[in-house]
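K.L.:
here is my input, please return the structure:
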Amino acid sequence: MFALIPAAGSGSRASSRAPKQYALLAGRPMLWHAIRAVCVPPVQAVFAVLAPDDKTFAGHDWSAFEGRLQPLYCGGASRRDSVHNGLLATMDAVDAADWVLVHDAARPCLSS
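P.N.:
Numbering: from 1, shown residues only. Presented below is the predicted three-dimensional model:
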């Protein structure tokens, strides 16, 4: 089982200067909390689908996910496009029979 988190949005509807997936919640970006929610057994890897020009991701500490987080710089113009591009980008890592959970980066309060 795998998880895919579309996080390529610009946050144009949010009233912040940074994309909302990087807005801080309890001292960490919302994306961090969304990843933490899905980075649990039996999920083998979490793919974060980022904008091709994302410069913010690398500036955060993702070490809590012990190498299970894989950024993919292939986000599209819409959430649908980002999910589609992310699924295409994971084809070598994911078998046809595997499940891929999709969870939005801007909704970080998912419980286990």
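
K.L.:
tell me which stretches of this protein form strands.
P.N.:
Remark: strands assigned in the chain by DSSP state E are 2-7, 24-25, 28-29, 45-50, 69-72, 100-102.

K.L.:
show me what contacts residue 86?
P.N.:
Counting by Cβ atoms under 8 Å, 6 or more residues apart in numbering, residue 86 touches 4, 6, 47, 49, 72, 74, 75. Glycine gets a C-beta too; all of them are placed from N, C-alpha and C.

K.L.:
could you find the closest non-adjacent residue to it?
P.N.:
Of all residues not flanking residue 86 in the chain, residue 49 sits nearest, at 3.8 Å (Cβ to Cβ, 6 or more residues apart in numbering).

K.L.:
residues contacting the one you found?
P.N.:
Taking Cβ under 8 Å, 6+ apart, we find residue 49 in contact with 4-8, 72, 74-75, 82-83, 85-86, 89.

K.L.:
and the residues you listed, which is closest to residue 30?
P.N.:
Nearest to residue 30 out of the contacts of residue 49 is residue 7 (Cβ to Cβ; 8.9 Å).

K.L.:
distance of the closest residue to that closest one other than its chain neighbours relative to residue 47?
P.N.:
Leaving aside its sequence neighbours, residue 7 sits nearest to residue 105 (Cβ to Cβ, 6+ apart; 3.6 Å). Between residue 105 and residue 47 the distance is 12 Å, computed by Cβ to Cβ, to the nearest Å.

K.L.:
mutual contacts of these two, please.
P.N.:
With Cβ under 8 Å, 6+ apart, residue 105 and residue 47 have common neighbours residue 5.

K.L.:
related to what we said a few turns ago, format the contacts of residue 49 as CSV; extra columns: distance to residue 110 and pLDDT.
P.N.:
As requested, the contacts of residue 49 are exported to CSV (distance: Cβ to Cβ, whole Å; pLDDT from 0 to 100):
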residue, distance to residue 110, pLDDT
4, 14, 98
5, 10, 98
6, 14, 97
7, 14, 97
8, 19, 95
72, 20, 98
74, 23, 98
75, 20, 97
82, 18, 97
83, 16, 97
85, 22, 98
86, 18, 98
89, 23, 98
